[in-house]
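In: Provided below for reference: sequence and predicted model.
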Amino acid sequence: MGINLIVVAVTLMLVGFSLVWLLSPRLRRWMESPKYQVLSWDRPARRERTRQSEDDEQPSTTDRSS
(Lines give C-alpha, C1' and ligand atoms only; values in the text may rest on other atoms or scores of the structure.)
Protein backbone atom coordinates (compact mmCIF):
# COMPACT_ATOMS: atom_id res chain seq x y z
CA MET A 1 0.00 0.00 0.00
CA GLY A 2 2.78 2.44 0.91
CA ILE A 3 4.71 1.82 -2.30
CA ASN A 4 1.58 2.35 -4.40
CA LEU A 5 0.93 5.66 -2.66
CA ILE A 6 4.49 6.83 -3.38
CA VAL A 7 4.25 5.79 -7.05
CA VAL A 8 0.90 7.59 -7.47
CA ALA A 9 2.19 10.73 -5.73
CA VAL A 10 5.36 10.89 -7.85
CA THR A 11 3.36 10.24 -11.02
CA LEU A 12 0.94 13.06 -10.20
CA MET A 13 3.83 15.43 -9.48
CA LEU A 14 5.48 14.49 -12.77
CA VAL A 15 2.27 15.10 -14.70
CA GLY A 16 1.71 18.39 -12.86
CA PHE A 17 5.22 19.71 -13.51
CA SER A 18 5.05 18.60 -17.14
CA LEU A 19 1.75 20.39 -17.69
CA VAL A 20 3.00 23.58 -16.06
CA TRP A 21 6.18 23.43 -18.15
CA LEU A 22 4.20 22.92 -21.37
CA LEU A 23 1.52 25.52 -20.70
CA SER A 24 3.61 28.35 -19.24
CA PRO A 25 6.30 29.76 -21.56
CA ARG A 26 7.31 32.38 -18.97
CA LEU A 27 7.97 29.72 -16.33
CA ARG A 28 9.77 27.56 -18.92
CA ARG A 29 12.21 30.42 -19.68
CA TRP A 30 12.83 30.87 -15.93
CA MET A 31 13.44 27.14 -15.43
CA GLU A 32 15.85 26.93 -18.37
CA SER A 33 17.75 30.17 -17.71
CA PRO A 34 20.49 28.54 -15.56
CA LYS A 35 21.44 26.39 -18.56
CA TYR A 36 21.95 29.44 -20.75
CA GLN A 37 23.82 31.25 -17.96
CA VAL A 38 26.36 28.43 -17.73
CA LEU A 39 26.75 28.41 -21.51
CA SER A 40 27.48 32.15 -21.47
CA TRP A 41 30.19 31.59 -18.83
CA ASP A 42 31.93 29.22 -21.24
CA ARG A 43 31.99 31.61 -24.22
CA PRO A 44 35.05 33.70 -23.18
CA ALA A 45 37.04 30.57 -22.34
CA ARG A 46 36.11 28.97 -25.66
CA ARG A 47 37.18 32.11 -27.54
CA GLU A 48 40.50 32.14 -25.68
CA ARG A 49 41.13 28.47 -26.46
CA THR A 50 40.31 29.07 -30.13
CA ARG A 51 42.62 32.06 -30.28
CA GLN A 52 45.44 30.12 -28.62
CA SER A 53 45.06 27.21 -31.02
CA GLU A 54 45.15 29.62 -33.97
CA ASP A 55 48.33 31.19 -32.55
CA ASP A 56 49.88 27.74 -32.20
CA GLU A 57 49.20 27.00 -35.87
CA GLN A 58 50.94 30.18 -37.10
CA PRO A 59 54.42 29.45 -38.50
CA SER A 60 57.19 31.06 -36.56
CA THR A 61 58.99 33.92 -38.37
CA THR A 62 62.18 33.34 -36.38
CA ASP A 63 62.54 29.71 -37.43
CA ARG A 64 65.71 29.52 -39.60
CA SER A 65 66.07 25.76 -39.84
CA SER A 66 66.39 25.71 -43.67
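Out: All right, it came through fine.

In: buried residues in the longest helix seen in the chain?
Out: Counting residues, the longest helix found in the chain (DSSP state H) is helix 25-57. For helix 25-57, the neighbour count (16 or more other CB atoms under 10 Å) marks no residue as buried. For glycine as for every other residue, the C-beta is placed from the backbone atoms N, C-alpha and C.

In: Report all helices and strands that that helix contacts.
Out: Helices and strands touching helix 25-57, by 3 or more CB pairs under 8 Å, 6 or more residues apart in numbering; DSSP states H and E, are helix 2-23.

In: what's the angle from the helix it packs on to helix 25-57?
Out: Counting by axes from the mean of the first three to the mean of the last three CA atoms, to 10 degrees, helix 2-23 lies at 80 degrees to helix 25-57.

In: returning to that earlier point: for the longest helix of the chain, the averaged confidence score.
Out: Mean pLDDT, helix 25-57: 75.

In: how long is stretch 21-30 end to end?
Out: 10 Å (CA to CA, to the nearest Å).

In: what's it in contact with?
Out: 20, 31 (CB atoms under 8 Å, 6 or more residues apart in numbering).

In: and that stretch, how far from the chain's centre?
Out: The chain centre lies 17 Å from the centre of stretch 21-30; the measure is CA atoms, centre = their mean, to the nearest Å.

In: All good on my end, thank you.
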